[in-house]
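Chemist: Sequence first, predicted model second:
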Amino acid sequence: LILYGSQTGCAHDVAEDIRQHMRRRALAPRVLAMNDAPIQAVAQESWVVVVCSTTGEGDEPDNMKKFWKAMLRKSIPADAMSGVYFAVRHVCASDPGLWARGLEL
């Protein structure tokens, strides 16, 4: 699964490039905007590639705000994603602070 958060399309383009690269290796990942991926479904994946940019002053893009808020809920068990391997790619922004905090999740 490849998830992306993008305000201007840059991270979406990178996610599609990653998908094409993986297809050449006989893999068939899905590409979804983060808001279109239910937390429970992501937790069932073996691996997830997250490609995201920031906008403005390091804010999250609109198409990932719902996902981000869901991940921060106290009702999500601390080990909800323990079986998932993540790769994170931050693109198109000069302030990686938001994603440094996100990696703490």
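Modeler: Sure, I can see it. Since this is a predicted model, take the numbers as computed values, not measurements.
Chemist: from the chain's centre, how far out does stretch 53-73 sit?
Modeler: From the chain centre to the centre of stretch 53-73 is a distance of 10 Å (CA atoms, centre = their mean, to the nearest Å).
Chemist: I should have written stretch 4-19 there, sorry.
Modeler: The answer for stretch 4-19 is 10 Å, by CA atoms, centre = their mean.
Chemist: can you map out the strands along this structure?
Modeler: With DSSP state E as the criterion, the chain has strands at 2-5, 31-33, 47-52, 85-90.
Chemist: Most tightly packed of those?
Modeler: Highest mean neighbour count among these (mean count of other CB atoms under 10 Å): strand 2-5, with a mean of 26. The C-beta positions use only the backbone N, C-alpha and C, and glycine is treated the same way.
Chemist: Okay, now the sheet partners of that strand, with direction.
Modeler: strand 31-33 (parallel), strand 47-52 (parallel) (DSSP bridges).
Chemist: ok, the spatially most central residue of the chain to L1 distance?
Modeler: With distances taken as CA atoms, centre = their mean, the residue of the chain nearest its centroid is V50 (3.1 Å). V50 is 9 Å from L1, where distance means CB to CB, to the nearest Å.
Chemist: Thanks a lot, see you next time.
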